[in-house]
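Asks: got a sequence here, can you build the structure:
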Amino acid sequence: MEPATCPPRPWILPVIVFAQFAGTSLWFAGNSVLPELLLSPGLRGASLGGVVSAVQLGFIVGTLLFALLTLADRVPPARLFLLSALAGSLTNLGLLLPGLSAATVLGLRFGTGLCLAGIYPVGMKIAADYYAGGLGKALGFLVGALVLGTALPHGLRWLGTGLAWQAVVVATSGLAAGGGLLLWLLVPDGPFRRPGSRLQLGVVRSIWRHPPFRAAALGYFGHMWELYTFWAFVPLLLTTYRQLHPALPVLPAGLAFGTIASGALACVGSGYLARRWGSWRPARWALAVSGTCCLLSPWLLQLPLPLFAGSLLVWGLAVVADSPQFSALVAQQAPAASKGTALTLVTCLGFALTVVSLQVFGALQQVVEARYLFLLLTPGPALGLWATRRRATLEALAAREPWS
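Replies: Numbering: from 1, shown residues only. Sure, this is the predicted structure:
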């Protein structure tokens, strides 16, 4: 039985959303300074892709450690979020140290990724502790904040900001530390929090055998196969379109930013749809639309510019709209005492899958014509749709077998 509680105070969700955006700015906004940073004499051997991958690898290792140690369930989550945000701010500020070597930069970015493991999934855990009902809506705002963080580097380039890269590093570090402090001060433990214990592999196996949890996790994995690779290669998609239409003028400024940033609205919108229809339905709708865009991508590249831009925005909306709903389903179908660990572990595996997808996509760039590359993203939505094909049966199972 869930405890009877009053509705959360009105500032709880906005504070969590702001703290999530502030913390994840270490991840994405930091990437906007790397091209200038790598011009330093001691960093000529480092690659932009290698430095970005170091953050992803740090995040994967961090989420795995957090899951094995069950930190998100054993430590008060607001305190864990604050400590992670402060540590991440320091590793980010480390980029300002003089005489950096390539190995030091890689280590600092790996450390930032480790700290992000205590920000992104822990923020979702905090929301789940407050919003057992309407969790899809709450996570829609949280993932929307993450999407805006992802789009921020494109937005900075679009606006042509004259800020020195050192100022961007200081600003993102201060933003992350401030967001963590604000959350720690204003968001105490939620009414649905259940302190957990050490990791028990038997519990993990039993959670996986729970059909609704397994379906939600597989749907999330399919979604993640597509999401980050699509985001990473939006510039390639635009370049390919420009090459196929050489008579066109320059593509509209901000199209890359708009394509990614539109996903923030989609996350919020899917959250409101989930209030009416539950999370399964909007998640499957988004998978179907984004999967269709993958299949039609060679044809979309032949469209006139207004139609191409419109279809790209639709793809940007659909590719991430299912993310908060699958996260909500994972949280809802896990035992209360293991909710943080379940979210962290599933997030870890999902991000590990993004590395595989990115590497496969990058390797095949050498052998597959660019216009056909995005067909390689289709298996992700296909897996998600297959895993969630028995929605009615899964919902009935969830109703008969609630976790206590």
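Asks: quick check, A370 in contact with T240.
Replies: Yes - using CB atoms under 8 Å, A370 is in contact with T240, at 4.3 Å. Where you see a C-beta, it was placed from the backbone N, CA and C, and this is true even at glycine.
Asks: of these two, who's got more company?
Replies: T240 (20 against 17; other CB atoms under 10 Å).
Asks: which residues of the stretch 301-404 of the chain score low on pLDDT?
Replies: Within the stretch 301-404 of the chain, the segments meeting pLDDT under 70 span 335-341, 343, 391-404.
Asks: let me know the outermost residue of the protein.
Replies: Most distant residue from the mean C-alpha position of the chain: A247, 36.7 Å away (CA atoms, centre = their mean).
Asks: how far off centre is whatever helix or strand R214 lives in?
Replies: Assigned by DSSP states H and E, R214 belongs to helix 211-232. Computed by CA atoms, centre = their mean, to the nearest Å, the chain-centroid distance of helix 211-232 equals 11 Å.
Asks: use 681 as the first number from now on
Replies: That works, and once the first residue is 681, the last one we named lands at helix 891-912.
Asks: that helix: which residues count as buried?
Replies: Residues 892-893, 895-912 are the ones in helix 891-912 that count as buried (16 or more other CB atoms under 10 Å).
Asks: restricting to C-alpha, output whichever strand or helix holds E716 in PDB.
Replies: Secondary structure from DSSP H and E places E716 in helix 714-717. Taking Å, rounded to 0.1, in the frame of the first residue of the first chain, the C-alpha atoms of helix 714-717 are listed here in PDB:
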ATOM      1  CA  LEU A 714      36.100  21.400 -26.400                       C
ATOM      2  CA  PRO A 715      37.000  22.500 -30.000                       C
ATOM      3  CA  GLU A 716      38.800  25.600 -28.600                       C
ATOM      4  CA  LEU A 717      40.300  23.800 -25.600                       C
END
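Asks: in it, which residues are buried?
Replies: In helix 714-717, counting by 16+ other CB under 10 Å, buried: 714, 717.
Asks: how far off centre is it?
Replies: For helix 714-717 - counting by CA atoms, centre = their mean - the centre lies 23 Å from the chain centre.
Asks: likewise stretch 797-805?
Replies: When distances are taken as CA atoms, centre = their mean, stretch 797-805 is centred 11 Å away from the chain's centroid.
Asks: what's in contact with the helix holding E716?
Replies: 723, 728, 731-732, 775, 785, 845 (CB atoms under 8 Å, 6 or more residues apart in numbering).
Asks: just checking, next helix/strand downstream of that helix?
Replies: helix 728-748.
Asks: where does the most centrally placed residue in the chain land in three-state SS?
Replies: The centroid of the chain falls nearest to L826 when counting by CA atoms, centre = their mean (6.1 Å). Here L826 is helix, with the state taken from DSSP: H, G, I helix; E, B strand; the rest coil.
Asks: who touches the residue lying closest to it once chain neighbours are set aside in this structure?
Replies: Spatial nearest neighbour of L826, excluding adjacent residues (CB to CB, 6 or more residues apart in numbering): T704 at 5.3 Å. Taking CB under 8 Å, 6+ apart, we find T704 in contact with 796, 799-800, 825-826, 829.
Asks: is T704 within a helix or a strand, and which one?
Replies: Judged by DSSP H and E, T704 forms part of helix 692-708.
Asks: in that helix, which residues are buried?
Replies: Residues 692-693, 695-708 are the ones in helix 692-708 that count as buried (16+ other CB under 10 Å).
Asks: can you find the helix or strand in the protein with the smallest mean pLDDT?
Replies: Least confident helix or strand, the chain: helix 1071-1080 with a mean of 51, by mean pLDDT, DSSP states H and E.
Asks: ranges for the helices of the stretch 831-980 of the chain?
Replies: 845-866, 881-889, 891-912, 914-924, 935-957, 960-980 (DSSP state H, counting those that start in this stretch).
Asks: determine the set of other helices and strands touching the fourth one.
Replies: Just to be clear, that refers to helix 914-924. helix 935-957, helix 1050-1053 (3 or more CB pairs under 8 Å, 6 or more residues apart in numbering; DSSP states H and E).
Asks: packed most tightly, which of those helices would that be?
Replies: helix 935-957 (a mean of 21; mean count of other CB atoms under 10 Å).
Asks: sorry, back to before: what does the pLDDT read for the residue nearest to L826?
Replies: At T704 the predicted local confidence, pLDDT, stands at 83.
Asks: just the one 10 residues further on next, same as before
Replies: For L714, the pLDDT comes out at 71.
Asks: buried residues in stretch 914-925, which are they?
Replies: Residues of stretch 914-925 classed as buried: 914, 917-918, 920-921, 925 (neighbour count, 16+ other CB under 10 Å).
Asks: same deal with stretch 765-784?
Replies: In stretch 765-784, counting by 16+ other CB under 10 Å, buried: 765-769, 771-775, 780, 782, 784.
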